[in-house]
Each structure stands twice: as structure tokens, then as C-alpha cells.
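# generate coordinates for the sequence data below:
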Amino acid sequence: MSSSPPSATSPAASTRPSTCASAQPEYPNKLSSPMGKKNTSASNRPQTTTYSPPVLKWEVIENKIRKNIQRSWRDILKLCQEKDASKLGEIPVSDFLDIVEKFHLDLSKEETTQITTKYDIKENGKFAYYDFFQSCILLLKPQKSSVLQRVIIPKPQKPMSPGPQTTSFYSTMLRIQPQILHCWRPMKRTFKSYDESRTGLLNIADFRQVLHEYKINLSEEELFSILEYYDKTLSSKISYNDFLRAFIQ
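Just a heads-up that it's a prediction; the model follows:
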């Protein structure tokens, strides 16, 4: 004989969890509910909206390709300038990727992503190639571990406050870089011979004359772009150590 289901008043029925809406605990607001607490803790966590590739040291990547860049920088720069229709010192990232492949810069996919992310300065999908050349060819930003800077080219007592890094400035510095590297030691001695008071500064005429002695002739526009960077305060003086340091790595 089968037993009948327990009645509503039976002990089995009274111990069953109620699924009735009225049996749910009342929470005066969302924050006091368990779900509210969960949401609150989640909202306190940093929100990641985009994927960020693993961070690599820029110096490691740039040091890896520096020799290849220095060997072919004229051709690479020329190609970048041809693709830079707006003349703003930037090209589409896709064009830079073509250059990486053409000149066999030997970058992994991850390294390429890191480099293009770093030099997409305006976050507009463009690669700032002049800034890239500055890091690989010129040394316009101080480096922490450079023995050359500390010993051969002393740092100024007062940190330099540089002016704008214009396209003309980059082009000029890159153009004269091979000549500077060839003769920077005697050039440094010549700069010092003109600097009788040992201030580390030369007036514009003497600075230009020293360059001329080493067959480095600047147009008025090129000279202006250099002065605009190294003589931001319009003192009519230029630090020759700061100037030389840009080329010595």
C-alpha cells in the first residue's frame, strides 16, 4: 500500500525551504544585500577596458635593433618621409610594419606591438618615426647608466630645459650625426678652446665657427632649429656638451 504525500501540516513539509517571494529576507537597499556587496567589491576593482601586452623594457628592444637602424637609417628615414604626406613626422603603423619587414629589423610580434604602442604618441594609429629615430640614433633624453655621459661628456650642473623638437631639428641632427661621430673628440677640444671662461657655453657665432672648421655647415633654418632646442631662453648661448651628448651613446 503506497503512502500518501505529506500534508501541509506534516513535519516534512515544515522543514522544506520556502521558495515563496514573501519568504525572502528583506533588504532596505541594494548595498545591504549580498548581491549588492558583491557588486560593490567588484566596482572597487580596477577596470580593464583594453588588452595590454606584457610590458617589455624599451631599452632592451631598441638596443636590439639599434645597430641595424644606425646602418640603414638614411634609407629608412627617406622611406618614412615619402610615406609622410602630411609632413608631421608620423606615418601609419601599417607602413612602419612594412619597413620592419623590408629592412629585416628582426622584431618579434610582441616586440613590434610594444614599439608601435610606444611611438603611437597621439594614439591615432600613427607611428612617430622622428621620436623613434631620436631614441635609436640621437641621445636627446638623459640616460641613467651611460658611462660616456658621466665621464667623457660631463653633465651640466644645471639640467637643460630643452625647447621644441621640430621636424627640422630632427632632420638637421640626423644629417650631421655621421660627421659629428667622426670628429667629436677634437671638436670637443676646439669647443673648449673657444670657451675661455670654462662655462660650458659658447655664443652662437663661435658655435657655428667650430662646426664650420669641421666641415659642418648649417643653413639658417637648420641653425635656428638647433638654437630653438638648445637655447630655449634666447640667451644667445649654447651648451656644447649638451649638443655633443646627443650623438654619443
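
# so, low pLDDT: which residues of the protein?
1-58, 139-164, 249 (pLDDT under 70).

# which residue ranges of it form strands?
With DSSP state E, the ranges of strands along the chain come out as 90-92, 126-128, 201-203, 237-239.

# quick one, domains of this protein?
What automatic domain parsing lists as the domains of the chain is 58-136, 147-245.

# now those domains as TSV including mean neighbour count?
Where C-beta positions appear, they are placed from N, C-alpha and C, glycine not excepted. Shown next, in TSV, are those (neighbours: other CB atoms under 10 Å):
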stretch	mean neighbour count
domain 58-136	16
domain 147-245	15
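
# Val100 contacts Leu107, correct?
Yes. Counting by CB atoms under 8 Å, Leu107 is a contact partner of Val100 at 5.7 Å.

# longest single helix anywhere in the protein?
helix 167-194 (DSSP state H).

# how about the contacts made by His204?
Careful, residue 204 is Ile and not His. By CB atoms under 8 Å, 6 or more residues apart in numbering, the contact list for Ile204 reads 223, 227, 231, 236-238.

# was I right about Val93 contacting Thr117?
No. Counting by CB under 8 Å, Val93 does not reach Thr117; the two are 9.3 Å apart.

# and the two most separated of the contacts of Ile204?
Leu223 and Lys237 (14.1 Å; CB to CB).

# that older thread, quick one: list the elements packing against the longest helix of the chain.
In terms of contacts (3 or more CB pairs under 8 Å, 6 or more residues apart in numbering; DSSP states H and E), helix 167-194 is packed against helix 129-136, helix 204-213, helix 220-230, helix 240-245.
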